[in-house]
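Colleague: Compute the structure for the input listed below.
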Amino acid sequence: MHKASLFIALSLFLLLAAADSMAANYSGLWWDPSKGGQGISIIQTQDSICGAWYLYDESGQDMWLVFTGVLASANSLTTELFQYTGPPLGTSWDLSKLKAISRGTMTLTFNGPESASMHYNIGNISGTMNLEPFANDAAVMYWDLDKPGQGMGFFMEGLSVYVVWYLYDKNGHNIWVTSGTDLDITSTSGNLYKFSGPALGSAWDSSEVTSSIVGNGSIALSNSEEIPFTYNIEGVSGQLNLVPFVCNVSQCAGTKSATYEGTAPVTNSDDDQCGHFVQLTIVICDKSISGEAVDSFANSYFLQGTVDDSGNVSGTFYEEDDFQEEEPIGTFTGTLTGNTVSGLWQSEWGCYGTFNLEKTPTP
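Modeller: This next block holds a predicted model:
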């Protein structure tokens, strides 16, 4: 990636709120300095890793591959790389157009907070990237719940914010564009850049990395739980209503092993400042519950609990203090019935409400 080629801002509130709630982990934008012009977006929640590798295909055109996995004890994971096609740019969002194919495998090993290696096999092409952080002071992935299958990664290094948007072109092929600038607390807008580069499998020649302006985008703060992003790209205008994406990968077995997602609104409160959970995700692995919640103030919490043989669920919400120690901040109780988990939650600040989570489809 060329740092000078990035020119859009995200608000100070948006990223600093995310940074304050993050645990020390490998979330961030990573790159191989010897192969500038591509990179890897990583979001980590506890041991779950969700990532996107933006690179170039066999003809040198931009593409992206996604991966998920759970870190092993050696801070390593081996997983599949998937390439998506989706609804063509400028058309109504049709989930039936989202298709994924396996392109290969990769092994990602973190040697520490400043070093990682990635070995990949894509068809008959293999290689290794020696990675280091490009921007990892804060990292958060956003998506539009009504338009899943694409997303935007925001990454902060010092006072600079870098943005990578993973989307589809007018033919439904996956493409990526970048943008970025220094932090600003006001509404901001800037150019969107599209890249081409060395063909996959060829010797890396950074002089082949070129960029062009393909549009512009704008982000503005609002009092809503959603962040509006308006854009014009390749002559197509539109808007995404962004909320935080929670990475939670399940690798368990059993008849009650599944992921459930939804929201948890406030129903009553002793504090006018209470927020509700914009996104609540739990993974039930046999009789254990783990997950993460993001509230309307962009704070994130993790949760743990249990489910018994009758489907009764209960557990605790936690946050990490300044010393990265787990501190309980609330509880939840409910019932697992069919494809739904529903119940009540309460915080120690006097906030309480309901939650209703639906089982997510298995890929």
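
Colleague: Can you name the residues that contact the nearest residue to residue 126 once chain neighbours are set aside?
Modeller: The shortest distance from residue 126 to any residue other than its chain neighbours is 6.6 Å, reached at residue 120 (Cβ to Cβ, 6 or more residues apart in numbering). The C-beta positions use only the backbone N, C-alpha and C, and glycine is treated the same way. Residue 120 makes contacts with 81, 104-107, 126-129, as judged by Cβ atoms under 8 Å, 6 or more residues apart in numbering.

Colleague: Now residue 57: closest residue in space that isn't a chain neighbour?
Modeller: Nearest one to residue 57, counting by Cβ to Cβ, 6+ apart, is residue 63 at 4.6 Å.

Colleague: And for residue 244?
Modeller: Spatial nearest neighbour of residue 244, excluding adjacent residues (Cβ to Cβ, 6+ apart): residue 294 at 4.5 Å.

Colleague: quick one: contacts for that neighbour?
Modeller: By Cβ under 8 Å, 6+ apart, the contact list for residue 294 reads 243-244, 246, 277-280, 300-301.

Colleague: Please tell me how far it sits from residue 263.
Modeller: Noted for residue 294: a distance of 10 Å to residue 263, by Cβ to Cβ, to the nearest Å.

Colleague: Among the contacts of residue 294, which pair sits farthest apart?
Modeller: Largest separation among those by Cβ to Cβ: 243 and 301, giving 15.5 Å.

Colleague: Between its first and last residues, how far does stretch 160-176 reach?
Modeller: Terminal residues of stretch 160-176 are spaced 20 Å apart (Cα to Cα, to the nearest Å).

Colleague: Heading C-terminal from the strand or helix carrying the residue nearest to residue 244, find the next helix or strand.
Modeller: Residue 294 belongs to strand 288-295 when assigned by DSSP states H and E. Of the helices and strands lying after strand 288-295 in sequence (DSSP H and E), the nearest is strand 300-307.

Colleague: avg pLDDT for that next one?
Modeller: Mean per-residue pLDDT for strand 300-307: 86.

Colleague: Which secondary structure elements does the strand ranked longest in the chain sit against?
Modeller: Identified as the longest strand of the chain according to DSSP state E is strand 99-112. For strand 99-112, the elements it packs on are strand 48-56, strand 62-70, strand 76-85, strand 115-122, judged by 3 or more Cβ pairs under 8 Å, 6 or more residues apart in numbering; DSSP states H and E.

Colleague: domain parsing for this structure?
Modeller: 3-244, 258-359 (automatic domain parsing).

Colleague: which of those domains has the lowest average pLDDT?
Modeller: Lowest mean pLDDT of the domains of the chain: domain 258-359, a mean of 81.

Colleague: what does the strand or helix carrying residue 283 contact?
Modeller: Residue 283 is part of strand 277-285, with elements assigned from DSSP H and E. Residues outside strand 277-285 that contact it (Cβ under 8 Å, 6+ apart): 225, 243-246, 248-250, 252-254, 256-265, 289-296, 303, 305, 307, 313, 336, 341, 345, 355, 357.
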